[in-house]
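**Student:** I'll drop the sequence and a predicted model, then ask my questions.
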Amino acid sequence: MLTVYIARMGHDEITLQVEEGTRVRDVLTRSGMSLSGSEQAYVSGVSATMTSIVEDGDIISIVTPKQAG
């Protein structure tokens, strides 16, 4: 099992245990979160797609373009 974290401004951090090969989309679905409007996902600081595979200890950050800088 892998441990991943989800961070979204204005929300508490979420910690999830997932299987190897899990994609960003699956992590967000399990957490009850989704991307809205112009939000983007970053995995450990790198722009990610919904099909990006997460690794142990990854932090999925959900940000707006303005927050991303």
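**Tutor:** Arrived safely.

**Student:** What is the burial count for the nearest residue to E20 once chain neighbours are set aside?
**Tutor:** Excluding its sequence neighbours, the residue lying closest to E20 (Cβ to Cβ, 6 or more residues apart in numbering) is L2, at 6.2 Å. Placement of C-beta: from N, CA and C, glycine included. Residues lying near L2 (other Cβ atoms under 10 Å) number 16.

**Student:** per-residue confidence at L2?
**Tutor:** pLDDT recorded at L2 is 97.

**Student:** That one contacts E19, doesn't it?
**Tutor:** Yes - L2 lies in contact with E19 (Cβ atoms under 8 Å); the separation is 7.2 Å.

**Student:** give the contact list for R23.
**Tutor:** Contacts for R23 (Cβ atoms under 8 Å, 6 or more residues apart in numbering) come out as 50-54.

**Student:** go again using 10 Å as the cut-off
**Tutor:** R23 sits next to 29, 48-54 when contact means Cβ atoms under 10 Å, 6 or more residues apart in numbering.

**Student:** And the residues you listed, which is closest to E13?
**Tutor:** V54 (15.0 Å; Cβ to Cβ).

**Student:** how about that closest one, what does it touch?
**Tutor:** Counting by Cβ under 10 Å, 6+ apart, V54 touches 2-5, 16, 18, 20-24, 26-27, 43-44, 48, 60.

**Student:** Now which of these would you call buried?
**Tutor:** 2, 4-5, 16, 18, 22-24, 26-27, 43, 48, 60 (16 or more other Cβ atoms under 10 Å).

**Student:** Tell me which of those residues fall in strands.
**Tutor:** Under the assignment DSSP state E, these contribute 2, 4-5, 16, 18, 43, 48, 60 to strands.

**Student:** Tabulate these (a markdown table), appending distance to G37.
**Tutor:** Output for these, formatted as a markdown table (distance: Cβ to Cβ, whole Å):
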| residue | distance to G37 |
| --- | --- |
| L2 | 29 |
| V4 | 23 |
| Y5 | 23 |
| L16 | 23 |
| V18 | 26 |
| V43 | 20 |
| A48 | 17 |
| I60 | 17 |
